[in-house]
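Novice: Attaching a predicted model along with its sequence, questions to come.
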Amino acid sequence: MLRRNMQPLKDFYKKYSGREALPNEDKYMSLPEFIDLITASNVVDDNFGAREIGTLFNLSMITQVDELNKERHCRMTFLEFLEAFCRVADRVITSL
């Protein structure tokens, strides 16, 4: 399913990421950008609340050794985005 829809997923990632990245940095998706994407998709309702988005974001991030001195744990790559997107889809489908 991901392979067949890879281009739209890349487009979503590109559209909603990079707002907080500096001009010389690689683009990444932050939590506020991910929240914007999910709320814009109109999947947030009584069964799937907005407060769950942050948890799914964190569960999708690769574990980092140093979360105190580095901000990598807040910067979602495209691979982590795919994981988070699948977690959201799973949560939405199971809440139906």
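Specialist: Cool, got the structure. Numbering: from 1, shown residues only.
Novice: Give me the longest helix you can find in the chain.
Specialist: helix 78-95 (DSSP state H).
Novice: Run through who's touching that helix.
Specialist: Here helix 78-95 makes contact (Cβ atoms under 8 Å, 6 or more residues apart in numbering) with 2, 9-10, 12-13, 17, 29, 34, 38, 43, 47-48, 52-53, 56-57, 59-62, 76. Any C-beta I mention is one placed from the backbone N, CA and C, and that applies to glycine too.
Novice: With stretch 1-19 instead?
Specialist: 27-30, 32-34, 36-37, 76, 78, 81-82, 85-86.
Novice: Narrow those residues to just the buried residues.
Specialist: 28-30, 33-34, 36-37, 76, 81-82, 85 (16 or more other Cβ atoms under 10 Å).
Novice: Widest-spaced pair of these?
Specialist: Spatial extent of those (Cβ to Cβ) is set by the pair 36 and 82 at 17.6 Å.
Novice: Residue 54 - nearest residue in space that isn't next to it in sequence?
Specialist: Here the nearest residue to residue 54 in space, its sequence neighbours aside, is residue 31; by Cβ to Cβ, 6 or more residues apart in numbering that works out to 6.1 Å.
Novice: Check the burial of that neighbour by counting its neighbours.
Specialist: Residues lying near residue 31 (other Cβ atoms under 10 Å) number 16.
Novice: go on, residue 3?
Specialist: Neighbours around residue 3, by other Cβ under 10 Å: 5.
Novice: do residue 1 as well
Specialist: 7.
Novice: try the one 3 residues further on
Specialist: The number of residues packed near residue 4 is 7, by other Cβ under 10 Å.
Novice: Then residue 68?
Specialist: The burial count for residue 68: 6, using other Cβ under 10 Å.
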